[in-house]
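J.: Here's a sequence, model it:
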Amino acid sequence: MPVPKRRHCPSRQGKRRANWKMRTRLTVPCEQCGAPKIRHRVCPSCGTYKRELVINKNA
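T.: Numbering: from 1, shown residues only. This next block holds a predicted model:
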């Protein structure tokens, strides 16, 4: 594998790392209770996923 002969300058390094930013997690309303939840995750307030009870939150 080739090895670079010289260092990259800091500006070039910054340009390469410009797309490393963190993204915010998209929230959607729960189908069951309407509370905001992260997509493709169990709802933290009612414990359902795709309208099916996964975690019993009443106990």
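
J.: going forward, measure contacts and count neighbours with C-alpha atoms only.
T.: OK.

J.: so the spatially most central residue of the chain is in which element?
T.: Nearest to the geometric centre of the chain sits residue 25, at 4.4 Å (C-alpha atoms, centre = their mean). Under the criterion DSSP states H and E, no helix or strand holds residue 25.

J.: And what about residue 12, helix, strand or coil?
T.: Of the three states, residue 12 takes helix according to DSSP: H, G, I helix; E, B strand; the rest coil.

J.: confidence score at it?
T.: In this prediction, residue 12 carries a pLDDT score of 93.

J.: Could you verify my assumption that the residue nearest to the centre of the chain touches residue 38?
T.: Yes - using C-alpha atoms under 8 Å, residue 25 is in contact with residue 38, at 6.7 Å.

J.: how about the helices in this structure?
T.: 10-16 (DSSP state H).

J.: quick one: low-confidence ranges for it?
T.: Residue ranges of the chain with pLDDT under 70: 59.

J.: Mind doing that once more with 90?
T.: 1-5, 7-8, 20-25, 51, 54-59 (pLDDT under 90).

J.: where exactly do the strands run in it?
T.: Chain-ordered strands for the chain, with DSSP state E as the definition, fall at 27-29, 36-38, 48-49, 52-53.

J.: what's the most buried one of these?
T.: When the strands of the chain are scored by mean count of other C-alpha atoms under 10 Å, the highest mean neighbour count falls to strand 48-49 (a mean of 19).

J.: centre of the chain versus that one, how much separation?
T.: Distance of strand 48-49 from the chain centroid (C-alpha atoms, centre = their mean, to the nearest Å) equals 18 Å.
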